[in-house]
Structures are given as structure tokens and as C-alpha cells.
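>>> Sequence and computational prediction follow.
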Amino acid sequence: MILVVAAVLAAAAFGAQRLLVPRRPSSTGITDRLDASLGSLVRDQVRATQRVIDVPVASRDLKLIVRRLRDALPEPRPEIEVMLVDSPEVNAFTIPGNTIYVNTALIKSLASADELAAVLGHELSHAVSKDPLHALVRRLGVAVVLGAATGGRGGGVLTNMAQTMVDMRYGREAEDRADSFSVSLLARAGIPPDSFAEALRQIKDSSPREPEMLKYLDPHSPIDQRIERTRALARQQAVVPRPLGIDWSALIKALPGR
């Protein structure tokens, strides 16, 4: 069984990326179970190493946005959990098991709930494509990932896995796919699709004096090209806007810190 799982993971991790469309790629039941099992373990480690907080206003608004985005996905729709991390780093990251963490600083860097939805749409692409699981396999190897997920010797590197998730870079192809996924998903969800380009612009400009705090954008990524490309893609989308109904100023005020 382990050899079968290893073969499935290796093929998934090193195979060609899927088309840039907002649909869930096919996956095996074995991979799904491994993703969920590993996600539970990494989630515990993230909670132990990051300041995961419960802010009722933010929790409610994040759930509302995720519900809108999830409803726009084709079947089968994964269950998505979004958690809030109190951190000065402008970052959001996805771990196995369809869990997305959003730092308070990233929310504060944005200007609207639509832009937050755009970031979550991008992270949703990583979740449904199982990019975190594949990245861990590439980074640590099949044997280590399997060992951690099954309680074997690989479990000793679990803390490193959690940190890997925080600092994860998926590569240009996966990020371009996630960008396109978000733009298309926003339109399907009735959210202005140009919100993604605006979110990128806001994030880019959020920490000009403290670049070390800006972890969401890869410093080697052609951010201006991404902004222009997603703006062009947004102009091609047909959308009937439906307001999210979120009081953005109330959300920002509810977050800890200044």
C-alpha cells in the first residue's frame, strides 16, 4: 500500500500542471486521505508555532467569503477552513487538508472585502490542486511525508513541515494557475474579477519600508506582469456583481494591533 501511495504522490508532484481553469483536478482516494491525514498533523503544528486567534467578526466574514467562493466551484466542492493568524507579516498560506491561514497584516494591507476574496480565491486554487501536499513531497521526499502522516519516523520533521507551509513557494506555473483560478472564480461568485489585480497592487505597496514583512509575494516573482495579466483576464469575464455585505471598516477595527 505504501508503494502505491508513493507512486501516486510522485506522479502528482512531478506531473504537468493542470489547465488554468477554476475546476477541481481529479485525485485518488488514497491521495485525498493522505492529504487530510497530513493536514491534521500540520494544523496542530501551525497552531503550536503561530498565533492562531479567534476574532468573531473576522471569523464570520471569512466564512461568508469562503462560502460565496465555494458555492461557485463545480462539484465536488471541498470543505475549506480558514483560520486567522495574528502576525505582522503580510502573508497567507495553505496547508494540506484544505486549510487556509490568513495573517492579520495581510488583511490590513487590503482595501476591501472583494480584495480579501481575491486572495482567498488564489489560496483556494492551491488547496483544490493539492499544491501543499505536492510541494512537501518535492521538498522532503515521499518517505518522509508518508512517515509523518502515518506516525512513523518521518513525524520528527513535522515542525519543519509547518514552517515550510508558512514560507511555501509553489513556482511560477502554479502561481499563474492560481491567479487565473481566482479571477475566474471571482466572476463566477459575483465578485468584481479585477479585485485580484487590486489586491496584488495593495499588497505590493503595503510594506515598502519593511520588505522583510512582505512574505505573500515572492520577491523574484514578476508582480507587475501578474497585475497586468490578471487585469486583462478580468476584462474578459462576464459578471453580475453581488455585494458581499461585509463592513470592511468594522472588520479592520476588530483585528488586534494598530
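Received it, and whenever you're ready, just let me know what you need. Numbers count the residues shown, from 1 in each chain.
>>> Tell me how far Asp218 lies from Ala174.
Remark: distance between Asp218 and Ala174 (Cβ to Cβ, to the nearest Å) = 11 Å. C-beta here means a position set from N, CA and C on the backbone, and glycine is covered the same way.
>>> So the two - more neighbours on which side?
Ala174 (18 against 14; other Cβ atoms under 10 Å).
>>> May I have the secondary structure class of the residue nearest to Arg169 when sequence neighbours are not counted?
Setting aside the residues directly before and after it, Arg169 is nearest to Asp218 in space (Cβ to Cβ, 6 or more residues apart in numbering), at 5.4 Å. Three-state call for Asp218 (DSSP: H, G, I helix; E, B strand; the rest coil): coil.
>>> mean confidence score for stretch 172-185?
Across stretch 172-185, pLDDT averages out at 94.
>>> contact partners of it?
With Cβ atoms under 8 Å, 6 or more residues apart in numbering as the contact definition, stretch 172-185 has outside contacts at 17-18, 20-22, 69, 72-73, 118-119, 121-126, 129, 131, 170, 193, 196, 218, 221, 226, 229-230, 233-234, 237.
>>> In CSV, could you pull the C-alpha coordinates for the helix or strand hosting Arg43?
Per DSSP states H and E, Arg43 falls inside helix 29-49. Output in CSV follows, covering the C-alpha atoms of helix 29-49 (Å, rounded to 0.1, in the frame of the first residue of the first chain):
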residue,chain,number,x,y,z
GLY,A,29,-9.0,8.5,-2.8
ILE,A,30,-5.6,7.5,-1.4
THR,A,31,-4.2,10.9,-2.1
ASP,A,32,-7.3,12.6,-0.5
ARG,A,33,-6.9,10.5,2.6
LEU,A,34,-3.2,11.3,2.9
ASP,A,35,-3.8,15.0,2.3
ALA,A,36,-6.4,15.0,5.1
SER,A,37,-4.2,13.0,7.5
LEU,A,38,-1.2,15.2,6.9
GLY,A,39,-3.3,18.3,7.2
SER,A,40,-4.5,17.3,10.6
LEU,A,41,-0.9,16.9,11.8
VAL,A,42,0.4,20.1,10.2
ARG,A,43,-2.6,22.1,11.5
ASP,A,44,-1.7,21.1,15.1
GLN,A,45,1.9,22.3,14.5
VAL,A,46,0.8,25.6,12.9
ARG,A,47,-1.4,26.2,16.0
ALA,A,48,1.7,25.5,18.2
THR,A,49,4.0,27.7,16.3
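>>> returning to what we had before: my understanding was that the residue nearest to Arg169 contacts Asp167; is that so?
No: Asp218 is beyond contact range of Asp167, at 10.5 Å (criterion: Cβ atoms under 8 Å).
>>> which regions of the stretch 151-258 of the chain sit below the pLDDT cut-off?
Within the stretch 151-258 of the chain, the stretches falling below the threshold (pLDDT under 70) are 151-160, 207-212, 219-220, 258.
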